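Chemist: model the following, please.
(chains A and B)
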Amino acid sequence: MASITLKSFIGLRQSSLENHHSTITLPSKPLQYLRHNIIASKSSPKITGRNLRVAVIGGGPAGGAAAETLAKGGIETILIERKMDNAKPCGGAIPLCMVGEFDLPLDIIDRRVTKMKMISPSNVAVDIGRTLKPHEYIGMVRREVLDAYLRDRARDAGATIVNGLFVKMDKPIDKYAPYVVHYNAYDGKAGSTGTKMTMEVDAIIGADGANSRVAKSIDAGDYEYAIAFQERIKIPDDKMVYYENLAEMYVGDDVSPDFYGWVFPKCDHVAVGTGTVTHKPDIKKFQLATRLRARDKIQGGKIIRVEAHPIPEHPRPRRLSNRVALVGDAAGYVTKCSGEGIYFAAKSGRMCAEAIVAGSENGTRMVDESDLRNYLQKWDKTYWPTYKVLDILQKVFYRSNPAREAFVEMCADEYVQKMTFDSYLYKTVVPGNPLDDLKLAVNTIGSLVRANALRNEMAKI
Amino acid sequence: TENGSGAAAIVVEEKKEFGSKVDPLGNGAPGVVEEVVKFEDPKWVSEVKRRKWLEDNPESSNNDFPVVFDTSIIPWWAWMKRFHLPEAERLNGRAAMVGFFMAYFVDSLTGVGLVDQMGNFFCKTLLFVAVAGVLLIRKNEDIDTLKKLFDETTFYDKQWQATWQDDKKE
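Modeler: Just a heads-up that it's a prediction; the model follows:
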């Protein structure tokens, strides 16, 4: 069984050897603890002569959704994105609710996945998707298409899109003073370092992804991250028919010690990849193993692109500081077990923007930290159950090969499929029938015990 | 492509007979475990061998040769039979001692005899706690293990609540 070395939870309290922040040294005067109270800031002053200005750093799903909501709410919005045609390394799967909630046009979706195959370490394959209704599917999108669409919609709503790279921010000198954002404006010129520009804004939304610079500027702290490695493979047309609307998930110690390997169909090729948190140097080995397991189905394919990216495992210790808030991957809103982040990025961007619009009364008043904390509170309350359930699933079922065998066995059950898809597609944790839940719990224990017993037998050979 | 169960069949022929019990290695050696293959039915044996083979040499998953083994065919009694636990005597002894002294203690304090104690709900709860405690905490290290398990389950919660913790004002 994989042993989990447990670090004690430090957060931002003590300065560890890695992050030596000068701000966390003990001050000479007695310590004052900042209480995080949510109070309505009706006391913040009305802004005269102009609207509230907010900068959104990063133009992915989080930034695009935030900028659109801000602009629609009457706030002067500037979105800074460094690469407008960025084809991001990403699985590209979006749940059904995202199409409805964000009014996505159906031509953005390249494929509708309605069947999934889960393959255990000993190649027991289980088909999932029997319980899906005809209108339900998992949408596969190209990130460059989706991101550009959301940004264009933000521009149509009134936001200013700037092609530039965020460099740093100057913190405000007193309570309602503006932030100064330093960035390099590219203006579409490729290859240049850009012209140094500054702008003054009242609030900043950091949507600049896993390696967020905004997060570094506010000392948000670090998170553990997984490395996701993916190869895009163009396979012959007859093999592509198999993946018409089917995605595969491979689990096993050979494929990944704490994640899964996948074959996802894209517009005209498949993406074969895997990921890991604890064994990052072995990622190429895991990728080879994934390709071996899928070998018969991707035979004759040519690798057209290789890409990798960090995926956060949990939120940063500090997601908010004064009038700067983090959303999306920058905040660390990726679920465990499935590694899903696109929907949560867009939704958190929208929620944060809504909190700013509400707290500033459509841009007429200044905002302060308590308004932004409302966004955090709403987010944690709405999505905490989803994250926790996926964390439990990962802890229980990704530990070892017998646990993964049990996982695949459980997925063959129709009740499990229905619950899984309902919670994935609509992003709510449905309690379900208590009697069925009890049966599910008993079956889970039974599967785990059986798989472990078989494993014990295997060890004797 | 190689059929997974075909490989297992070849392995079965090469290895010795697995159905027979292996005799325990002499008496007096503490902690001797009987090496008995629990599942003597050939289809379980072959599934065990198939899984072991694939774990050491992963193969491509092929739709043309689907795996048909269904683990739910393993009967319930296979899980009931346990190996001889060396610490079984220690645990049973502990449970008996704790039970005896607690019964004596409660009797001396309240005057309620053993039979009357068993009728009381609170005493039954205490009995349950004592049995569970002896099962869960077999060695002193188990207390640390249980604490670590608790920390592990709540680690993710702490990571999420970090943004709400009071931090030092700069």
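Chemist: please make it C-alpha for all contacts and neighbour counts, starting now.
Modeler: Noted.
Chemist: pLDDT at the residue of chain B found nearest chain A, what is it?
Modeler: Going by Cα to the nearest Cα, chain A is nearest to residue B:60 of chain B, at 3.7 Å. Per-residue pLDDT puts residue B:60 at 83.
Chemist: dump the lengthiest helix in chain B to CSV, restricted to CA.
Modeler: Counting residues, the longest helix found in chain B (DSSP state H) is helix B:88-110. Written as CSV, here are the backbone C-alpha positions of helix B:88-110 (Å, rounded to 0.1, in the frame of the first residue of the first chain):
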residue,chain,number,x,y,z
ALA,B,88,-5.1,-12.6,19.5
GLU,B,89,-4.2,-14.0,22.9
ARG,B,90,-2.8,-10.6,24.0
LEU,B,91,-6.0,-8.8,22.9
ASN,B,92,-8.3,-11.3,24.4
GLY,B,93,-6.4,-11.2,27.7
ARG,B,94,-6.5,-7.4,27.7
ALA,B,95,-10.2,-7.3,27.0
ALA,B,96,-10.8,-9.8,29.8
MET,B,97,-8.7,-7.9,32.4
VAL,B,98,-10.2,-4.6,31.5
GLY,B,99,-13.7,-6.1,31.7
PHE,B,100,-13.1,-7.8,35.0
PHE,B,101,-11.6,-4.7,36.8
MET,B,102,-14.2,-2.3,35.3
ALA,B,103,-17.0,-4.6,36.5
TYR,B,104,-15.4,-4.8,40.0
PHE,B,105,-14.9,-1.0,40.0
VAL,B,106,-18.4,-0.1,39.1
ASP,B,107,-19.7,-2.6,41.6
SER,B,108,-17.7,-1.2,44.4
LEU,B,109,-18.8,2.4,43.5
THR,B,110,-22.4,1.9,42.9
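Chemist: contact partners for residue 160?
Modeler: Picking chain A for this. Counting by Cα atoms under 8 Å, 6 or more residues apart in numbering or on different chains, residue A:160 touches A:77, A:78, A:79.
Chemist: let me rephrase: I mean chain B.
Modeler: With Cα under 8 Å, 6+ apart, residue B:160 has these contacts: A:314, A:315, A:316, A:317.
Chemist: burial measure for the third one, as a count.
Modeler: By other Cα atoms under 10 Å in any protein chain shown, the residues close to residue A:316 number 28.
Chemist: so where is chain B shaky, pLDDT-wise?
Modeler: The model of chain B has pLDDT under 70 over residues B:1-40, B:71-86, B:166-170.
Chemist: same thing but 80
Modeler: Low-confidence segments of chain B (pLDDT under 80): B:1-44, B:62-88, B:91, B:117, B:131, B:134-142, B:166-170.
Chemist: show me where the stretch 351-461 of chain A has its strands.
Modeler: Counting by DSSP state E, counting those that start in this stretch, the stretch 351-461 of chain A has no strands at all.
Chemist: I meant to write the stretch 151-300 of chain A there.
Modeler: A:160-170, A:179-185, A:195-201, A:203-206, A:225-234, A:246-250, A:261-265, A:270-276.
Chemist: nearest to residue A:213 among the contacts of residue B:160?
Modeler: residue A:316 (13.1 Å; Cα to Cα).
Chemist: coming back round to it: my read: the residue of chain B closest to chain A touches residue A:295, true?
Modeler: Yes: counting by Cα atoms under 8 Å, residue B:60 does reach residue A:295; the two are 5.7 Å apart.
Chemist: for stretch A:204-220, buried residues please.
Modeler: A:204-210, A:212-215, A:217-220 (16 or more other Cα atoms under 10 Å in any protein chain shown).
Chemist: that one: how far from the chain's middle?
Modeler: How far stretch A:204-220 lies from its chain's middle: 14 Å, per Cα atoms, centre = their mean, to the nearest Å.
Chemist: residue B:60 and residue A:295: who's more crowded?
Modeler: Between residue B:60 and residue A:295, residue B:60 has the larger neighbour count (other Cα under 10 Å), namely 21 against 17.
Chemist: what about stretch A:141-149, average pLDDT?
Modeler: pLDDT averaged over stretch A:141-149 gives 93.
Chemist: what distance separates it from the centre of its chain?
Modeler: Per Cα atoms, centre = their mean, the centroid offset for stretch A:141-149 relative to its chain is 15 Å.
Chemist: ok, stretch A:121-138 next?
Modeler: 23 Å.
Chemist: and the helices in the stretch 101-250 of chain A?
Modeler: Along the stretch 101-250 of chain A, counting by DSSP state H, counting those that start in this stretch, helices occupy A:143-157, A:213-217, A:237-242.
Chemist: can you put those in JSON lines and add distance to chain B?
Modeler: Listed next are the helices of the stretch 101-250 of chain A as JSON lines, based on distance: least, Cα to the nearest Cα, whole Å:
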{"stretch": "helix A:143-157", "distance to chain B": "27"}
{"stretch": "helix A:213-217", "distance to chain B": "13"}
{"stretch": "helix A:237-242", "distance to chain B": "11"}
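Chemist: turn the ones you listed into CSV, including distance to residue B:122.
Modeler: CSV is the format used below for these (distance: least, Cα to Cα, whole Å):
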stretch, distance to residue B:122
helix A:143-157, 62
helix A:213-217, 54
helix A:237-242, 63
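Chemist: for the ones you listed, which one sits closest to residue A:283?
Modeler: helix A:143-157 (23.2 Å).
Chemist: buried residues in the closest one?
Modeler: A:143, A:146, A:147, A:148, A:149, A:150, A:151, A:152, A:153, A:154, A:155, A:157.
Chemist: how about that helix as PDB, C-alpha atoms only?
Modeler: Extracted in PDB, the C-alpha atoms of helix A:143-157 (Å, rounded to 0.1, in the frame of the first residue of the first chain):
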ATOM      1  CA  ARG A 143      -9.000  25.800 -25.100                       C
ATOM      2  CA  GLU A 144      -7.900  28.400 -27.600                       C
ATOM      3  CA  VAL A 145     -11.500  28.500 -29.000                       C
ATOM      4  CA  LEU A 146     -13.200  28.600 -25.600                       C
ATOM      5  CA  ASP A 147     -10.900  31.200 -24.100                       C
ATOM      6  CA  ALA A 148     -11.100  33.500 -27.100                       C
ATOM      7  CA  TYR A 149     -14.900  33.300 -27.100                       C
ATOM      8  CA  LEU A 150     -15.200  34.300 -23.500                       C
ATOM      9  CA  ARG A 151     -12.700  37.100 -24.000                       C
ATOM     10  CA  ASP A 152     -14.600  38.400 -27.000                       C
ATOM     11  CA  ARG A 153     -17.800  38.300 -25.100                       C
ATOM     12  CA  ALA A 154     -16.200  40.400 -22.300                       C
ATOM     13  CA  ARG A 155     -15.000  42.900 -24.900                       C
ATOM     14  CA  ASP A 156     -18.600  43.100 -26.300                       C
ATOM     15  CA  ALA A 157     -19.900  43.800 -22.800                       C
END
